[in-house]
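Participant: what's the 3D shape of this:
(one chain, ligands or ions: 2)
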Amino acid sequence: MSIVAPSFLASNFLRLEDECKMVNESEADWFHLDVMDGSFVPNISFGLPVIQHIRKTTQKVCDVHLMIVEPWKFIEEFKKAGADVLSIHIEVCPNLHRNIQQIKELGMKAGVAVNPHTPVNFLEDILHEIDVVNLMSVNPGFGGQKFIPYTLEKIKQLRKMIDERGLNVLIEIDGGVTLDNAKTIVDAGTDVLVAGSTVFSSNDPKGTIAALKKL
Ligand code: DX5
Ligand code: ZN
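Facilitator: Ligands and ions are numbered 1, 2, ... in the order given. So this is what the prediction gives:
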């Protein structure tokens, strides 16, 4: 069974408390929280104060995905806001090893996110230090985009790298996950399915989460 992580980017911000309640009552495992700065990605979402409030509503894992430049400046702040998993992008971290240690020293799980153009080979020397690899299956910045098919090859390649070395690293797929493609994505070796629009635009969000969970 996969870990299912609804992405609140697609939630109704006017009814955020209800959306949290819905996810809490569902079979979802993680809250996926996307932070965007308008610099690393061409969009701005929400930040620390919103995450602080969401944190208070849930016992589930808060999986914070930082799509921001210089993420190391905010590691401690996101810990204080309630992040359990903190993902930073490899593309903006020249001292990735140090930043992963900083995340783990604060008691969070360390996630490394990679854009569609970044080869999974770039993770080779750091893989044993990582808890979660967020493989972006769309270009980050927006919900509701189409899954990039080549990601399936990247999942298989990363799965092989992890299994060959007997590591305990979760593969998270983020972007364009639908009820139609989720099984193929899981079969390729995915552990965590992020789903934004598929969940929150559904007429039956809890049922959709349950369906993703069953795969
Ligand atoms: C995209 C974000 C995703 C996004 C996924 O930059 O990182 O988490 O919310 O949305 P969907 O599932 O709609 O593609
Ligand atoms: Zn995300």
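
Participant: and the biggest helix by length in the chain, average pLDDT?
Facilitator: Across the chain, the helix with the greatest residue count (assigned by DSSP state H) is helix 151-164. Helix 151-164 shows a mean pLDDT of 98.

Participant: buried residues of it, list them for me.
Facilitator: Buried residues in helix 151-164, defined by neighbour count with 16 or more other Cβ atoms under 10 Å: 151-152, 154-155, 157-159, 161-162. (Glycine included, C-beta is placed from N, CA and C.)

Participant: please apply the same query to stretch 3-18.
Facilitator: Residues of stretch 3-18 classed as buried by neighbour count (16+ other Cβ under 10 Å): 3-11, 16.

Participant: roughly how far does the nearest residue in space to residue 178 that is not next to it in sequence sit from ligand 2?
Facilitator: What sits nearest to residue 178 in space, not counting adjacent residues and going by Cβ to Cβ, 6 or more residues apart in numbering, is residue 198, at 5.1 Å. Computed with Cβ to the ion, to the nearest Å, the distance linking residue 198 and ligand 2 is 13 Å.

Participant: for residue 198, list the residues it contacts.
Facilitator: Residues near residue 198 by Cβ atoms under 8 Å, 6 or more residues apart in numbering: 177-179, 208, 212.

Participant: quick check, it in a strand?
Facilitator: No - assigned with DSSP: H, G, I helix; E, B strand; the rest coil, residue 198 falls outside any strand and is helix.

Participant: need the pLDDT of it.
Facilitator: For residue 198, the model assigns a pLDDT of 98.
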